[in-house]
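Chemist: build me a model from this:
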Amino acid sequence: MTINTASNTATEQLTAAGRAIEHESFAVIDAEAGPHDYTDEQWPLVRRMIHANADFEFNGLTVFHPEAMTAGMNAVLKGNTPIVADVEMICVGLSKPRLAHFGLSTHHYISDADVIEQAKAENTTRAVQAMRKAQREGKLDGAIVGIGNAPTALIELVRLIKEEGVRPALVVAMPVGFVSAAESKDLMMTVNEVPWVAIKGRKGGSTLVVAAIHAMLSLAEAEQKKAA
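Modeler: Model prediction:
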């Protein structure tokens, strides 16, 4: 059984035809995904990631901190929560009307001139400096942090959590690639201080982060309607 989000309005497709296609896609995934151990709250997020990539391996590769779904939905429902991304692609991919429904804002620093200069000066990556800038600007505590590209951003975020006491509400940890991507997510999965959703192995990407956050928004709207 999964949570029914069919009566949502703000987080659904804008047209009846679009909604029908999406709902049929979800039904196909439910029918073909096979058995899983995810909870009623976790499965819609995994299913939307499968929908985004047509890759059923995310049924099994996706791992949740025990408090991830509750923490993520609470962060969405309280409103005015920043979403900090490692790359602009995530900010562009997130639906602006859906974010506006919950009063959420997006932030990224990867292309800022001072971030680039500091990365050159310290011989680090822009992604590392972007996470440090997000911390300096007070955007990480209480935020939903989405990392879909740069393993070094995730490694730096884990350092900030462990060594400097940074406390995001939720980390969506899905960097992709062949250098340190799997290792960075393994590192995130050792963190107990902050809830997270992560993908095991090399697979990941910004589209998956967007899908995961959109699933969280959909579940949050269902909670709003239940409480109304």
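Chemist: longest helix in the protein, please.
Modeler: If each helix of the chain is counted by residues according to DSSP state H, the longest one is helix 206-227.
Chemist: what packs against that one?
Modeler: With contacts defined as 3 or more CB pairs under 8 Å, 6 or more residues apart in numbering; DSSP states H and E, helix 206-227 has these neighbours: helix 42-53, helix 68-78, strand 82-85, helix 88-93, helix 96-102, strand 144-147, strand 170-173. The C-beta positions use only the backbone N, C-alpha and C, and glycine is treated the same way.
Chemist: so that helix versus helix 42-53, what angle?
Modeler: For helix 206-227 against helix 42-53, the angle by axes from the mean of the first three to the mean of the last three CA atoms, to 10 degrees is 140 degrees.
Chemist: ok, the residue lying closest to residue 52 once chain neighbours are set aside - how many residues close by?
Modeler: Leaving aside its sequence neighbours, residue 52 sits nearest to residue 211 (CB to CB, 6 or more residues apart in numbering; 3.9 Å). By other CB atoms under 10 Å, the residues close to residue 211 number 25.
Chemist: for the closest residue to residue 81 other than its chain neighbours, give me its contacts.
Modeler: Counting by CB to CB, 6+ apart, residue 81 lies nearest to residue 75, which is 4.7 Å off, once chain neighbours are set aside. Residue 75 sits next to 81, 142-144, 169-170 when contact means CB atoms under 8 Å, 6 or more residues apart in numbering.
Chemist: and residue 182, how close does it get to residue 15?
Modeler: Noted for residue 182: a distance of 39 Å to residue 15, by CB to CB, to the nearest Å.
Chemist: just to revisit the earlier point, contacts only, for the residue nearest to residue 52.
Modeler: 45, 48-49, 51-52.
Chemist: next one: residue 110
Modeler: For residue 110, the contacting residues are 86-88, 126-127, 130, 150, by CB under 8 Å, 6+ apart.
Chemist: confidence score at it?
Modeler: Note for residue 110: predicted pLDDT of 97.
Chemist: where does pLDDT dip in the protein?
Modeler: 1-4, 6 (pLDDT under 70).
Chemist: rerun at 50
Modeler: Where the chain drops to pLDDT under 50, the residues are 1.
Chemist: of residue 182 and residue 15, which one has the most company?
Modeler: residue 182 (19 against 9).
Chemist: the more buried one and residue 106, how far apart?
Modeler: Applying CB to CB, one obtains 27 Å for the distance of residue 182 from residue 106.
Chemist: next: residue 190.
Modeler: Taking CB to CB, one finds residue 190 at 28 Å from residue 106.
Chemist: the more surrounded of the two?
Modeler: Remark: of residue 190 and residue 106, residue 106 carries more neighbours, 19 against 8, as counted by other CB under 10 Å.
Chemist: what sits closest to that one if chain neighbours are left out?
Modeler: Closest residue to residue 106 apart from its sequence neighbours, by CB to CB, 6+ apart: residue 91 at 4.0 Å.
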